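Visitor: Quick one: sequence plus predicted model below, questions after.
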Amino acid sequence: MSRIISVSNQKGGVGKTTTVINLAASLAAYDRDVLVIDLDPQSNATSGMGMEIPSTGNAYSLLTGATDLEGSMVETGYDGVWAIPGSRDLAGLEIELAQQNNREFFLRDKLRVPEVERFHFVLIDCPPSLGLLTLNALVAADSILLPLQSEYYALEGLSHLLDTIRKVRQLWNPDLEMEGVLLTMYDRRLKLSREVEADAENHLSEILLNTRIPRNVRLSEAPSFGKPVLHYDVESQGARSYLQLAEELISR
Ligand SMILES: Nc1ncnc2c1ncn2[C@@H]1O[C@H](COP(=O)(O)OP(=O)(O)OP(=O)(O)O)[C@@H](O)[C@H]1O
Ligand SMILES: [Mg+2]
């Protein structure tokens, strides 16, 4: 059985894409086969893994039915990691699907095919909104992984997201689980980081993951080389922390 994880937070720049790219490479390092789905019109996960954004054979053509799963999938060049690339066209999908019945189920239905079962993990990179694309991801997913930036206002907006998760469970996907909240860009030397951590421990104790992702310059450099950090600087703190996250997720 594959585990479909939606990496979501409507806040921008909290580390969703960084987590998808590097968790995928780290899971693959533990011999797991991973499919990354880039559901963001910005398509940063696609370019961050060194791929072009194809005009078809991407998340948009999959969702609109122009291509099937096999036809939407590409090899990333990184062992064990496949991808359904993003597309700028995803930006218009919200409006295109607005009139359709079952518009929340488009992605789920496309993923309910035997080909998905060959992957141990499917990671969905969501855009920074709670619109139809993110809803499709949450309805298709078994669980949600929620990156939280160790910054001021980190927890602000979280209740809105937790409300959305409740609504998704009620209406469309009763089995949606919480994979966990991941503290990103954490710097233990900073009082602010430790305060956000304490806050998260108090309010989210049972869903807070043990792994902390440190603020690490190698993590921010790697995408401009089109590489997961494991293939850019394996010794870096960033690489180690995402390997630890992969271990934590595999072991539960
Ligand atoms: N742990 C980290 N250390 C240093 N820089 C990081 C870290 N995580 C992410 N970044 C950088 O912060 C920026 C935002 O990260 P990222 O793109 O992963 O966030 P996002 O949530 O996907 O953003 P968006 O909401 O726009 O899709 C990027 O420039 C990224 O390289
Ligand atoms: Mg992103």
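Guide: Looks like it arrived, so ask away. Numbering: from 1, shown residues only. Ligands and ions are numbered 1, 2, ... in the order given.
Visitor: What pLDDT is listed against residue 205?
Guide: Residue 205 is assigned 86 on the pLDDT scale.
Visitor: quick one: the helices in the stretch 151-252 of the chain?
Guide: Secondary structure of the stretch 151-252 of the chain (DSSP state H, counting those that start in this stretch): helices at 158-171, 191-204, 217-221, 237-250.
Visitor: Show the average pLDDT along the third one.
Guide: Summarised as a single mean, pLDDT over helix 217-221 is 98.
Visitor: Can you pull out the residues in contact with it?
Guide: Helix 217-221 has contacts (CB atoms under 8 Å, 6 or more residues apart in numbering) with 18, 22, 213, 229, 232, 233, 236, 237, 238, 239. Where you see a C-beta, it was placed from the backbone N, CA and C, and this is true even at glycine.
Visitor: Distance from the chain centre to stretch 105-113, please.
Guide: How far stretch 105-113 lies from its chain's middle: 17 Å, per CA atoms, centre = their mean, to the nearest Å.
Visitor: quick thing: my sequence starts at 55, can you match it?
Guide: That works, and once the first residue is 55, the last one we named lands at stretch 159-167.
Visitor: Residue of this structure nearest ligand 2, please.
Guide: Per CB to the ion, residue 71 is where the chain lies closest to ligand 2, at 3.2 Å.
Visitor: Tell me, how many residues neighbour the closest residue to residue 185 other than its chain neighbours?
Guide: Once flanking residues are discounted, residue 185 sits nearest to residue 148: 5.5 Å by CB to CB, 6 or more residues apart in numbering. By other CB atoms under 10 Å, the residues close to residue 148 number 16.
Visitor: related to what we said a few turns ago, quick check: which of the helices of the stretch 205-306 of the chain is nearest to ligand 1?
Guide: Set against ligand 1 and scored by CB to the nearest ligand atom, the helices of the stretch 205-306 of the chain come closest in helix 271-275, at 3.6 Å.
Visitor: Around ligand 1, which positions in this protein sit nearby?
Guide: When proximity is defined as CB under 6 Å from any ligand atom, the chain approaches ligand 1 at 66-72, 94, 96, 98, 182, 238-239, 267, 269-270, 273-274, 277.
Visitor: Filter those down to just the ones in strands.
Guide: 238, 239, 267 (DSSP state E).
Visitor: Tell me the secondary structure at residue 137.
Guide: strand (DSSP: H, G, I helix; E, B strand; the rest coil).
Visitor: Quickly find the element holding the spatially closest residue to it that is not a sequence neighbour.
Guide: Spatial nearest neighbour of residue 137, chain neighbours left out: residue 90 (4.4 Å); criterion: CB to CB, 6+ apart. Assigned by DSSP states H and E, residue 90 falls within strand 88-92.
Visitor: So what are the sheet partners of that strand and their directions?
Guide: Under the criterion DSSP bridges, strand 88-92 sits next to strand 135-138 (parallel), strand 175-179 (parallel) in its sheet.
Visitor: The last one vs helix 291-304, what angle?
Guide: For the pair strand 175-179 and helix 291-304, the angle between their directions (axes from the mean of the first three to the mean of the last three CA atoms, to 10 degrees) equals 120 degrees.
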